[in-house]
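> structure for this input, please:
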Amino acid sequence: MRKVIGLVGMPGSGKTLAVNIAKKMGIPVVAMGDVVRDEVKMRGLEETPYSVGKVSMGLRKEEGEQAVAIRTLNKIEREKTPVILVEGIRSLEEIELFKKHYPDFTLIAIHSSPKTRFKRLYERQRLDDTKDLKTFQERDARELNYGIGSAIAQADYLIVNEGSEKKLIKNMEKILEEITK
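So this is what the prediction gives:
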């Protein structure tokens, strides 16, 4: 039976570092955000927090709350490995879809305070990262509107990431080893 591990957390919580840990452990990763960013490019839009958010919300409005997760299933199926990590879960509907297709689905949540997350995003400066507090708060509101808070509450594992990178690495490795053994 295939093991699918989901990863959920607000923007800037530490998901990228967690993804890198999984990759170093030999676990392939599919990012749900890549599905949305691919659609942004396909529509000929510039990759900004606004356009990514608009397309993400549009997909869910046009195709249903599971739209991004359904598109992600195709990417999961292309990976021919017994274990895979899916980064960027946003809602209970997405969790339900993954559990339906992968009964052994396990969800890891990473939590950090808004102050910590804003600082990280400001310093990271990825194309779709927020560069000011107002945009950060709007993005948080959008994420919460998707139902990410409920998804975090359903997690099988919770990592509070307010400390060092070393601490997150240690916690994530321990959880992934436990899940995959």
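> where do the helices of the chain begin and end?
15-24, 32-42, 49-63, 67-78, 92-101, 114-124, 133-146, 148-153, 165-180 (DSSP state H).
> I'd like the ones you listed laid out as a markdown table, including mean neighbour count.
All C-beta atoms are positioned from the backbone trio N, CA, C, and that covers glycine. Shown next, in a markdown table, are the helices of the chain (neighbours: other C-beta atoms under 10 Å):
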| stretch | mean neighbour count |
| --- | --- |
| helix 15-24 | 18 |
| helix 32-42 | 18 |
| helix 49-63 | 17 |
| helix 67-78 | 18 |
| helix 92-101 | 18 |
| helix 114-124 | 15 |
| helix 133-146 | 15 |
| helix 148-153 | 17 |
| helix 165-180 | 16 |
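> and of those, who's closest to residue 85?
helix 15-24 (4.6 Å; C-beta to C-beta).
> tell me the angle of that closest one relative to helix 32-42?
110 degrees (axes from the mean of the first three to the mean of the last three C-alpha atoms, to 10 degrees).
> which secondary structure elements does helix 15-24 contact?
Applying 3 or more C-beta pairs under 8 Å, 6 or more residues apart in numbering; DSSP states H and E, we find helix 15-24 packed against strand 3-9, strand 29-31, strand 83-87, strand 106-111, helix 165-180.
> neighbouring contacts of it?
5, 7, 9, 29, 31, 85, 87-88, 108, 110, 124, 159, 165, 168-169, 172-173, 176 (C-beta atoms under 8 Å, 6 or more residues apart in numbering).
> rewinding a little: between the helices of the chain, which one is closest to residue 1.
Residue 1 lies closest to helix 92-101 among these, at 11.4 Å (C-beta to C-beta).
> can you pull out the low-pLDDT segments for the chain?
Filtered on pLDDT under 70, the chain yields the residue ranges 126-129.
> re the thing from before, and the helices and strands packed on helix 15-24 as TSV, adding distance to residue 62?
Shown next, in TSV, are those (distance: least, C-beta to C-beta, whole Å):
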stretch	distance to residue 62
strand 3-9	23
strand 29-31	21
strand 83-87	22
strand 106-111	26
helix 165-180	34
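> residue 45 is nearest to which of these?
strand 29-31 (18.4 Å).
> which strands and helices sit next to the closest one?
Judged by 3+ C-beta pairs under 8 Å, 6+ apart, the packing partners of strand 29-31 are helix 15-24, helix 67-78, strand 83-87.
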